[in-house]
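J.: model this:
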Amino acid sequence: MRFSRGAFLTGLGAMALSPALGAGQAGAVVSRKRWIMSDETFEYCIGGDSQLAAAMQDTICYVQGEGQSYGLRRINSNIRRNLNEIENMVSSGQVVAGENMVFAIENGTPQTPVEQQLNLAYTCRRAAEVLHSVGATLITAPAAGIIENLDPSYDGNHFKRMQELRVYAKCVRHADGMDIQAQQLEQHVNRYADIVERAAAQARNENPTVKVFGGLTTNSLQSTPDDYPTAAEIYRAARAVRAVVDGYWMNVPPNRQTGIRNTEKARKALRLFYGLEI
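T.: Alright, predicted model coming up:
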């Protein structure tokens, strides 16, 4: 099922950094959250759990590839880390109206070319122009690791430097959405919430209509590879920023030891988020 750019931009408006919501308000907010997830995660969590699918009816999900929607609003969404690849996909007709692109701007493997990181405002503007020209939408996702290239001599907190360099503002100026890649801190819920709230504020000050996503993950920190978050910890992180985000990116990467993706943990976290038993 495909939707126009206009459909993407309607729905939730920009949320203020408000106090905790009342029970009725919170339930309404939950029902309107958007999710980015892989096709494997979507099929396992939504396709394999009729209760969860019922709880998430009409929720917008950005999922790679066409497939069953199970009553949700499934939007075909690719993920790329290189502006040149995005341009090539659009010019060759691989991205069409109503689809979405997540532009993960990262310093890992694969890496966003350093020149594109250093010219972040232009890079994101160009990606938006190319995608909007065919009626597609753009969600940017800058990772804190790019500070290693933006400010190589800096040895402090990367998220703090992202704020100081206005990375989030540059990434949303022309974009439709932005994911805050703070997922590796989700087990430290207060730090996670502080980073997401500050990044969301900067993003919306620059672009009041932008949709803001909070990153979540089933994986561990590289520095503590054996300490994996539980479904409850993922849920608590999501709940902590519920009032300031429009949705979440549920990352389910391969386990560092086994290489297996823990989609069951993601399903349990989603069930907790929607008030279902696990």
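J.: Pull up the gap between Ala54 and Arg242, please.
T.: Shown here: Ala54 relative to Arg242, a distance of 20 Å by Cβ to Cβ, to the nearest Å. Yep, even glycine has a C-beta here, placed from its N, CA and C like the rest.
J.: In contact with the closest residue to Met37 other than its chain neighbours: list those residues for me.
T.: Leaving aside its sequence neighbours, Met37 sits nearest to Met250 (Cβ to Cβ, 6 or more residues apart in numbering; 4.6 Å). Met250 is in contact with 35-37, 41, 216, 266, 269-270, counting by Cβ atoms under 8 Å, 6 or more residues apart in numbering.
J.: Low-confidence stretches in this protein?
T.: 1-31 (pLDDT under 70).
J.: Quick one: the strands in it, in order.
T.: 34-36, 60-63, 73-80, 100-105, 137-142, 177-180, 211-217, 247-251 (DSSP state E).
J.: can I get the ones you listed in a markdown table with distance to Pro152?
T.: Formatted as a markdown table, the strands of the chain follow (distance: least, Cβ to Cβ, whole Å):
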| stretch | distance to Pro152 |
| --- | --- |
| strand 34-36 | 30 |
| strand 60-63 | 33 |
| strand 73-80 | 25 |
| strand 100-105 | 17 |
| strand 137-142 | 17 |
| strand 177-180 | 23 |
| strand 211-217 | 24 |
| strand 247-251 | 27 |
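J.: Point out the most buried one among the ones you listed.
T.: Comparing these by mean neighbour count (mean count of other Cβ atoms under 10 Å), strand 177-180 ranks first with a mean of 29.
J.: Sheet-wise, list the partners of that one with their directions.
T.: The pairing partners recorded for strand 177-180 under DSSP bridges are strand 137-142 (parallel), strand 211-217 (parallel).
J.: can you put those strands in a markdown table and add distance to Gly98?
T.: As requested, the strands paired with strand 177-180 are exported to a markdown table (distance: least, Cβ to Cβ, whole Å):
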| stretch | distance to Gly98 |
| --- | --- |
| strand 137-142 | 8 |
| strand 211-217 | 16 |
